[in-house]
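*Asks:* Sequence first, then the predicted structure, then my questions.
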Amino acid sequence: MSDTDRTGTPAPRHDTPQRQQRFELGSGPGRVLVWFYGVFTVAAASRSIVEMILDFGKAPLAYVLSAVAAVVYGFITYSLVRGGEKARRAALMCCAAELAGVLIVGTWTRLEPSAFPDSTVWSEFGMGYLFIPVILPVTGMIWLRRARDDRDDPAAPRA
């Protein structure tokens, strides 16, 4: 009589490859990133929606850039919460794009302030937000890089 006959459930098979464990990007220090990105998603989205409704003609470029920032923040938040290698790579690419956006818009607002009659989330490198918009993607990329290294090294300590 086999194990299946006795218990009604099949016996575990030892010849199947073990399923790869999913790395939780939102665990440990990643929780702080999820929190910051979540707050910035809400802040940037709320700000851009209100500005677009009340006075879009005043500074359309600034308001659209704030909306773009909100979308980027939201996607990174989602990727961190979702976890997994594909989400990690997508979040890493978005953090790099976010950093590029902050640096480009920050430089642009310093060189040609008349192009921005109102500020964006990324104006002057995020000075209105205590420079968190320039610090956050760098921190995110470091965490996401570390997350990849931990996946590749099973002996690495987990947070």
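*Replies:* Perfect, I can see it now.
*Asks:* looking at this protein, which helix or strand is least sure?
*Replies:* Here the helix or strand of the chain ranked lowest by mean pLDDT, DSSP states H and E is helix 3-7, holding a mean of 53.
*Asks:* After that helix, which helix or strand is next?
*Replies:* For helix 3-7, the following helix or strand on the C-terminal side (DSSP states H and E) is helix 29-55.
*Asks:* for stretch 125-140, which positions count as buried?
*Replies:* Neighbour-count burial for stretch 125-140, counted by 16 or more other CB atoms under 10 Å, picks out 125-126, 129, 133-137, 140. Bear in mind the C-beta positions are built from the backbone N, C-alpha and C, glycine included.
*Asks:* what sits up against stretch 47-64?
*Replies:* Contacts to stretch 47-64, defined as CB atoms under 8 Å, 6 or more residues apart in numbering, come from residues 66-67, 69-70, 115-121, 123.
*Asks:* ok, 6 Å please
*Replies:* 66-67, 70, 116-118, 120 (CB atoms under 6 Å, 6 or more residues apart in numbering).
*Asks:* Convert it to PDB, retaining C-alpha atoms only.
*Replies:* Output of stretch 47-64 as PDB, limited to C-alpha atoms (Å, rounded to 0.1, in the frame of the first residue of the first chain):
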ATOM      1  CA  ARG A  47      -0.400  68.300  -5.000                       C
ATOM      2  CA  SER A  48      -0.500  67.800  -8.800                       C
ATOM      3  CA  ILE A  49      -4.300  67.100  -8.900                       C
ATOM      4  CA  VAL A  50      -5.100  70.200  -6.800                       C
ATOM      5  CA  GLU A  51      -2.800  72.400  -8.800                       C
ATOM      6  CA  MET A  52      -4.100  71.100 -12.200                       C
ATOM      7  CA  ILE A  53      -7.700  71.700 -11.100                       C
ATOM      8  CA  LEU A  54      -7.300  75.100  -9.600                       C
ATOM      9  CA  ASP A  55      -4.700  76.800 -11.800                       C
ATOM     10  CA  PHE A  56      -3.300  74.600 -14.600                       C
ATOM     11  CA  GLY A  57      -2.600  77.600 -16.900                       C
ATOM     12  CA  LYS A  58      -0.200  79.200 -14.400                       C
ATOM     13  CA  ALA A  59       2.500  76.500 -14.600                       C
ATOM     14  CA  PRO A  60       1.500  73.500 -16.700                       C
ATOM     15  CA  LEU A  61       5.000  72.100 -17.000                       C
ATOM     16  CA  ALA A  62       5.600  72.100 -13.200                       C
ATOM     17  CA  TYR A  63       2.200  70.500 -12.500                       C
ATOM     18  CA  VAL A  64       2.600  67.800 -15.100                       C
END
